[in-house]
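sequence? don't have it. structure:
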Ligand SMILES: Cc1cc2nc3c(=O)[nH]c(=O)nc-3n(C[C@H](O)[C@H](O)[C@H](O)COP(=O)(O)O)c2cc1C
């Protein structure tokens with residue numbers, strides 16, 4: 001099983017990366033092969049951009065090989081980040097159709113984050129992904145000074161979500177194999 005984990009923050013120092021890195025480790029502990037893609041490191045052109053762009057080719061390959069997705073975004077002005085939406089526009093539905101996706105958001109606090117999550121859910125539905133009902137949102141207090149996600153309840157919650165993602169990916173993967181036969 002291969003899961004593509006995407007950090008959807010464009011920032012050099014990023015709390016969303018703290019979520020994505022933790023989930024990468026949690027999935028690997030379960031024996032999952034993880035491809036990690038970081039939109040703060042891989043600088044994509046704006047859609048529709050040069051398809052020979054190296055970060056873009058890496059994204060296509062990761063999504064092509066993925067059986068499921070974990071996607072984390074910062075909440076920016078009540079939505080997902082622009083770089084994440086741009087990346088999803090490049091990918092389109094063929095990469096996501098009937099594959100599971102788990103979502104998480106980093107908010108600025110004050111009970112933020114839900115709008116970014118709802119926005120991701122709406123867009124991923126447009127891409128025909130099967131989005132898990134369970135989701136996670138952080139506030140800045142959940143992190144240490146290195147932007148690592150250290151809050152115990154958050155780690156436990158993400159353990160549950162990573163487990164559910166693996167379970168659904170196994171089930172849908174088996175179904176897709178049966179459909180091919
Ligand atoms: C342009 C911009 C818009 C933001 N809008 C919101 C918002 O609408 N709601 C919120 O809770 N936080 C908002 N924030 C705060 C970020 O969600 C918060 O700092 C989060 O940690 C960013 O994730 P990152 O560190 O991975 O980039 C905004 C931050 C920026 C830079």
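Received it, and whenever you're ready, just let me know what you need. What you are looking at is a predicted structure, and each value in this text was computed from that prediction instead of being measured.

Let me see the contact set for the residue in the chain that the ligand sits nearest to.
As assessed by Cβ to the nearest ligand atom, the ligand sits closest to residue 112 within the chain, at 2.1 Å. In short, each C-beta sits where N, CA and C put it, glycine included. Residue 112 sits next to 75, 137, 139 when contact means Cβ atoms under 8 Å, 6 or more residues apart in numbering.

Confirm that it sits in a helix.
No - using DSSP: H, G, I helix; E, B strand; the rest coil, the assignment for residue 112 is coil, not a helix.

Now, the contacts of residue 112 that are in strands?
Per DSSP state E, strands hold the following members of those: residue 137.

Filtering the contacts of residue 112 by proximity to the ligand, which remain?
residue 75 (Cβ under 6 Å from any ligand atom).

So which of the contacts of residue 112 is the closest to residue 25?
residue 137 (19.4 Å; Cβ to Cβ).

In which helix or strand does the residue most central in space within the chain reside?
Nearest to the geometric centre of the chain sits residue 71, at 0.9 Å (Cα atoms, centre = their mean). For residue 71, the enclosing helix or strand under DSSP states H and E is strand 68-74.

what's that strand in contact with?
Here strand 68-74 makes contact (Cβ under 8 Å, 6+ apart) with 1, 3-9, 11, 14-16, 19-20, 23, 27, 63, 80-81, 84, 96, 99-107, 116, 120, 124, 129, 162, 165-166, 168-169, 172.
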